[in-house]
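Enquirer: Next input, structure requested:
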Amino acid sequence: MSSGSQTQTCFIDTNVWLYAFIPSQDANKSAKAKATIRQSDIVVSSQVINEICVNLIKKAHFDEPAIQRLIDSFYSRYKVMIVDKTTLLKASVLRERLQLSFWDSLIV
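Expert: Numbers count the residues shown, from 1 in each chain. So this is what the prediction gives:
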């Protein structure tokens, strides 16, 4: 990260979000995840939002109103990259070139 008060544009993967949203998993990782989110200009994939919602419903027992607020929050606070035809085709090229998994290539 940059020094001082500057923020860095970054992509934050599902697990980091989950540590931020479910602090009981690991207090140290939760604190680091929250700090990363606060200090970053974030771009998030719609695929990551899907994964976060599924995990929060299963692991943290979020109800649907909480999930709806979370989704609204993501779209109002961050730049969301939608998984569309272009994304799917670029992901295919990345899988071929870098041997990424299907899901990781969509996120990248």
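Enquirer: Packing partners of the helix-or-strand element of the chain with minimal mean pLDDT?
Expert: Across the helices and strands of the chain, mean confidence by mean pLDDT, DSSP states H and E is lowest for strand 8-11: a mean of 81. Using 3 or more C-beta pairs under 8 Å, 6 or more residues apart in numbering; DSSP states H and E as the contact test, the elements touching strand 8-11 are strand 40-45. Placement of C-beta: from N, CA and C, glycine included.
Enquirer: any idea of the mean pLDDT for stretch 26-41?
Expert: Regarding stretch 26-41, the rounded mean pLDDT is 89.
Enquirer: what's that stretch in contact with?
Expert: Here stretch 26-41 makes contact (C-beta atoms under 8 Å, 6 or more residues apart in numbering) with 1, 7-10, 12, 16-17, 19-20, 22-23.
Enquirer: Then stretch 79-95?
Expert: By C-beta under 8 Å, 6+ apart, stretch 79-95 touches 42-47, 49, 74, 100-102, 105-106, 108.
Enquirer: among the contacts of stretch 26-41, which ones are buried?
Expert: Using 16 or more other C-beta atoms under 10 Å as the burial test, those include 10, 12, 16-17, 19-20, 22 as buried.
Enquirer: of those, the lowest pLDDT goes to which?
Expert: Ranked by pLDDT, the buried ones among the contacts of stretch 26-41 bottom out at Cys10, which has 86.
Enquirer: and the next helix or strand along the chain from the least confident helix or strand of the chain with strand 40-45, angle?
Expert: As assigned by DSSP states H and E, the chain's next helix or strand after strand 8-11 is helix 14-21. Put simply, helix 14-21 runs at 120 degrees to strand 40-45, going by axes from the mean of the first three to the mean of the last three C-alpha atoms, to 10 degrees.
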